[in-house]
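Got a sequence here, can you model it:
(2 chains)
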Protein chains: 2
Amino acid sequence: MKDKLAELQARLAEIKDLEQAAYVLYWDQNVYMPPGGAAARGRQTATLTRLAHEKFIDPDLGRLLDELQPYTESLPYESDEASLVRVARRLYERKSKVPPKFTAEFENHTATILEVWKEARPADDFAKVRPYLERTLDLSRRYASYFDYEHIADPLIDGADYGMKVSTIRPIFAELRERLVPIVQAITAQPPADNACLHQHFPEEQQLAFGVEVIKRFGYDFERGREDKSPHPFTIEFSIGDVRITTRVKENDLLEALSGTMHEAGHAMYEQGGRMDFEGTPLAGGTSMGVHESQSRLWENLVGLGRPFWHHFYPKLQAVFPDQLGSVNPDAFYRAINKVERSLIRVEADEVTYNLHVMLRFDLECQLLEGSLEVRDLPEAWRARMGADLGIVPPDDRDGVLQDIHWYSNFIGGQFQGYTLGNIMSAQFFEAALQAHPEITGEMENGEFGTLLRWLTDNIYQHGSKFTTAELLERAVGGSLSIEPYIRYLREKYGELYEL
Amino acid sequence: MKDKLAELQARLAEIKDLEQAAYVLYWDQNVYMPPGGAAARGRQTATLTRLAHEKFIDPDLGRLLDELQPYTESLPYESDEASLVRVARRLYERKSKVPPKFTAEFENHTATILEVWKEARPADDFAKVRPYLERTLDLSRRYASYFDYEHIADPLIDGADYGMKVSTIRPIFAELRERLVPIVQAITAQPPADNACLHQHFPEEQQLAFGVEVIKRFGYDFERGREDKSPHPFTIEFSIGDVRITTRVKENDLLEALSGTMHEAGHAMYEQGGRMDFEGTPLAGGTSMGVHESQSRLWENLVGLGRPFWHHFYPKLQAVFPDQLGSVNPDAFYRAINKVERSLIRVEADEVTYNLHVMLRFDLECQLLEGSLEVRDLPEAWRARMGADLGIVPPDDRDGVLQDIHWYSNFIGGQFQGYTLGNIMSAQFFEAALQAHPEITGEMENGEFGTLLRWLTDNIYQHGSKFTTAELLERAVGGSLSIEPYIRYLREKYGELYEL
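Here you go, the predicted model:
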């Protein structure tokens, strides 16, 4: 059995090598590649991805997993070996169920629709992209059909958030919406906060240096990572020893780069915190989109938009930008960065309204897949829901149904739930950490994050993908997915800010 | 046959994708990778390289080449299709003759000896590395034994400079040495040139910007490439549309970065100048080490150390460094950059003495492989030859036999001849270009290099690997390898400088 396990590990390591090599190519493409490199780079990445996929669905790998099954069943569930086989089998089964021909067809289609969307969005021309989006919906349904499911969106959700289903997510999201809408209404009934101080001129170099200083304090390890600029910020893992982030800077928006840097550092610390002996196996890396997002949002929002954090960092920020912030008092700055407003664009939304944007998309995805909503009715459904949830209706499709890249570059389904699951869990994890270590707040006020990072590492990061989202929650917070900590967090923070 | 050709192209494109993906990983490793990434990166690169090799020696590829042979024999030698099959077959045969087990063994050995050498060189401890070098020699002999050969060094030379043999190189090198030694003696009998002006403080940023300006004028295309810093300068091709260079800067040595940048740009323009429809085939990329080096040296030395070039660029350089160079007149500067001296280190040698360093190594490689020189006698042989050729004897092995990385990271044999073949050919090509277009000199005086670049592109670059070195020479200069243009070039230039 040791031989078979070693063979499994060797096969999985080879696959991981190909996948992570493709990541290096992707990173380079987004960060440093000259324009002339694009054509060949697309082909090179496709080759690596295809080879990794072929090697994963190799029937010999399936046989090996079958042969190892009885042995690992004799081991404790949590043992590394049982976990390796369990997680590898899950991936093998998911990948094997989809015919390679379908994957190729889908990739061709997404390459096409992406280009159409790139033209349709600025032109505000939903009609142009509509037939392609209808085909995306057909293909998304076809993808789901390769699996057994309760709800047709479940296989798509499962790929990003293993173990989650429409039937588990829907009631939670419905309740969250019910609790959020009145909060948004109460806040937006008051005079808006003034955040003009964030929109002065802040030179790029100082912004970047300040962000680096912050995430070094968080515990992002620059010996095992680096930060570069890219048009869209992302985190990427070449190995547990090399987890990189990117950010983008707007010189007239102080939060753009800083929030992005803290967000990506949250993702990256999750990856950096994995057990080194998981390297080269599917156990390395975060377990789900939701848990990943819980970490990016925890560091970006629960830490990075909080009073304790700024108690330490605001004087430092003022020292970097004395002309711009010297006369802005800490409370005014805190109100500015936590301004809540009804807005059209998800990625620019504050932490109170953000989830309403996400849940809107999640519900529309489900309806499209069910067949209870037609693509042609999607723009109108979008507007109606925006009006109902946010009290604001986009004047066009550009800032409505055309705004996110997701449906125009990937499946319809499974694309959005992770953002809100992440927000919900970020509060569960943060509350649990603070309960276990009340000193965390005082440490943050001193610019220290070691206790928090250790708690997160011990309870989440080190485990990589060994446990499912539900298992991690049970182990870390002693319960299941719950919106209560998140609502408590918002009520407390914004209650104080807006005297609700 | 069209189907078979398409299958061949698809297989070769997949191999090229893997190879070039490995290059991206190599580039990143040398330019931006954080220290923590090293372990996994080594494994990832090895996986890509191994897969590319396995796919190249796949017997199905061999059968395909066999099946295509009669068809391509009916085509003109120069046709793209015949050339593709011819070049692919050459690579297939070379790679197939070496057992994968040997390759793995050799790679293990070189990884080991490289680490030993890294310690032995600063410690001046040849004895420490000697047993490993003896094994390198054994393995180099074993590698040669997989091939038919006239001289045991031939298979090793063939890999870098296809078609070249000891029996063709030796007489040419012997003659070159005979002609060079008296020139060196005549020059070094005179008072040395004063190059102190090059060793002032030149801030890095300005040095880099000046180098970029120069190679843009040469015609290096930054839309299809970029320059970064690395410990050792190199050129690397991810595709014909993405050929990158690196350089290194010494703030107390004005020539270090500039020479390196011009040198690598020469390599890179050769790659960038290949026919775009060779992309993804073994026809893309330079045909041999010698021709490649002819281009790096042509741009670095024949252009970049010449009076016409500096007629245009010296005032610009003075404008960048007015404090350092404002009072150095053009002639003094020209003498400084062309200082000839007896020195110990190949990579720092001027263009007159450089080839003596190279030929010494070439001859010692041949003697070691033949068995007429033992590894234990190598340091002494080195010293003796340095005394005979350069009139200077290294005081230690650090600056003697331990100075170059080549023998401690690769085979003994085939490692050095390309440098001097390149110098020889650089003068042949340059002379032919000037004969065809005498206006090139005047253009260079105006900072224009279009006619020169076009001649090189038409006669060399566009052909990629389609023609062998000998065929290229025949086509471009109407003759075979000859040292006469090179000797003429040196005599004329240094005759004037040193009034020989």
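
Now do the helix or strand hosting A:L8 and helix B:2-31, the angle between them.
Taking DSSP states H and E as the criterion, A:L8 maps to helix A:2-31. Interaxial angle of helix A:2-31 relative to helix B:2-31 (axes from the mean of the first three to the mean of the last three Cα atoms, to 10 degrees): 80 degrees.

Tell me who's in contact with the residue in the stretch 301-450 of chain A that chain B sits nearest to.
Ranked by Cβ to the nearest Cβ, the top residue of the stretch 301-450 of chain A for proximity to chain B is A:G450, at 19.5 Å. From N, CA and C alone the C-beta is placed, and that goes for glycine too. Residues near A:G450 by Cβ atoms under 8 Å, 6 or more residues apart in numbering or on different chains: A:G219, A:E443.

change it to 6 Å
If a contact means Cβ atoms under 6 Å, 6 or more residues apart in numbering or on different chains, then A:G450 has no contacts.

What pLDDT is listed against it?
Among the per-residue scores, A:G450 holds a pLDDT of 98.

what do you get for the one 4 residues further on?
What the model reports as pLDDT for A:R454 is 98.

What is the burial count for it?
15 (other Cβ atoms under 10 Å in any protein chain shown).

I'd guess it is in a strand, am I close?
No: applying DSSP: H, G, I helix; E, B strand; the rest coil, one finds A:R454 to be helix, outside a strand.

Next, the contact list for it, please.
Per Cβ under 6 Å, 6+ apart, neighbours of A:R454: none.

So what's the residue count around the spatially closest residue to A:Q462 that is not a sequence neighbour?
Of all residues not flanking A:Q462 in the chain, A:R275 sits nearest, at 5.2 Å (Cβ to Cβ, 6 or more residues apart in numbering or on different chains). A:R275 has 17 neighbours, counted by other Cβ under 10 Å.

From B:R41, how far off is A:R275?
Counting by Cβ to Cβ, to the nearest Å, the separation of A:R275 from B:R41 is 19 Å.

same deal with A:D221?
From A:D221 to B:R41 the distance is 17 Å (Cβ to Cβ).

Between the two, which has more neighbouring residues?
For A:D221 versus B:R41, neighbours defined as other Cβ under 10 Å are more numerous around B:R41 (23 against 16).

For the more buried one, which non-adjacent residue is closest in space?
B:Q29 (5.3 Å).

hang on, that neighbour packs against B:A40?
No: using Cβ atoms under 6 Å, B:Q29 is not in contact with B:A40; the gap is 10.6 Å.

Could you check which of the two is surrounded by more residues?
B:A40 (22 against 18).

Dihedrals phi and psi, the more buried one?
phi -70, psi -40 (degrees, to the nearest 10).

Which pLDDT value belongs to the nearest residue to it once chain neighbours are set aside?
Distances taken as Cβ to Cβ, 6+ apart put A:S239 closest to B:A40, at 3.1 Å, once the chain neighbours are dropped. Predicted confidence (pLDDT) for A:S239: 97.

Show me which residues of chain A sit near chain B.
Residues of chain A found near chain B (Cβ under 6 Å from any Cβ of the partner chain) are A:14, A:17, A:20-21, A:24-25, A:28, A:34-37, A:40, A:44, A:47-48, A:223-226, A:238-239, A:241-242.

Quick one: buried ones out of these?
A:14, A:17, A:20-21, A:24-25, A:28, A:34, A:36-37, A:40, A:44, A:47-48, A:224-226, A:238-239, A:241-242 (16 or more other Cβ atoms under 10 Å in any protein chain shown).

which residues do B:Q29 and B:A40 both contact?
Contacts common to B:Q29 and B:A40, judged by Cβ under 6 Å, 6+ apart, are absent.

quick one, phi psi at the residue nearest to B:A40?
Torsion angles, degrees, to the nearest 10, at A:S239: phi -180, psi 170.

In a strand, A:T246, correct?
Yes: per three-state DSSP, A:T246 lies within a strand segment.

from what I can see it touches A:P231, true?
No: using Cβ under 6 Å, A:T246 is not in contact with A:P231; the gap is 8.9 Å.

Those two: who's more crowded?
A:T246 (21 against 9).

Spit out the contact partners of the residue lying closest to that one once chain neighbours are set aside.
Setting aside the residues directly before and after it, A:T246 is nearest to A:S230 in space (Cβ to Cβ, 6+ apart), at 3.9 Å. By Cβ under 6 Å, 6+ apart, the contact set of A:S230 is A:N30, A:V31, A:T246.

measure A:S230 to A:M33 for me?
From A:S230 across to A:M33, the span is 11 Å (Cβ to Cβ).

and if you look at A:V166?
Here A:V166 is placed at a distance of 39 Å from A:M33 (Cβ to Cβ).

Those two: who's more crowded?
Set side by side, A:V166 and A:M33 show more neighbours around A:V166, with 24 against 20, by other Cβ under 10 Å.

Now do the phi/psi pair for the more buried one.
phi -60, psi -40.

Identify, from the contacts of A:S230, the entry nearest to chain B.
Using Cβ to the nearest Cβ, those come closest to chain B at A:V31, 8.6 Å.

can you count the residues close to the closest one?
Neighbour number of A:V31 under other Cβ under 10 Å is 18.

Assign the closest residue to it other than its chain neighbours to helix, strand or coil.
Nearest non-adjacent residue to A:V31, counting by Cβ to Cβ, 6+ apart: A:D228, 4.6 Å away. Under three-state DSSP, the three-state class of A:D228 is strand.

For the residue of the stretch 401-500 of chain A found nearest chain B, which residues are in contact?
Residue nearest to chain B within the stretch 401-500 of chain A: A:G464 (14.7 Å; Cβ to the nearest Cβ). Residues counted as contacts of A:G464 (Cβ under 6 Å, 6+ apart) are A:G274, A:F278, A:L283, A:A284, A:G285.

Go again with 10 Å.
A:83, A:87, A:240, A:270-271, A:273-275, A:278-279, A:281-287 (Cβ atoms under 10 Å, 6 or more residues apart in numbering or on different chains).

Check A:E67 too.
Contact analysis of A:E67 by Cβ under 10 Å, 6+ apart lists A:M1, A:K4, A:L5, A:E7, A:L8.

who wins for most neighbours among those residues?
A:L8 leads the contacts of A:E67 on contacts (other Cβ under 10 Å) with 20 neighbours.

Might you report the residue contacts of A:K95?
A:A52, A:H53, A:E54, A:F56, A:I57, A:L61, A:T103.

so how far is A:Y162 from the second one?
It refers to A:H53. For A:H53 relative to A:Y162 (Cβ to Cβ), the value is 18 Å.

Pick out the residue nearest the middle of chain A.
The geometric centre of chain A, computed from its C-alpha atoms, lies nearest to A:E293 (Cα atoms, centre = their mean), at 4.0 Å.

element containing that residue, please.
helix A:289-297.

which strands and helices sit next to that helix?
helix A:154-160, helix A:254-272, helix A:417-436, helix A:469-477 (3 or more Cβ pairs under 10 Å, 6 or more residues apart in numbering or on different chains; DSSP states H and E).
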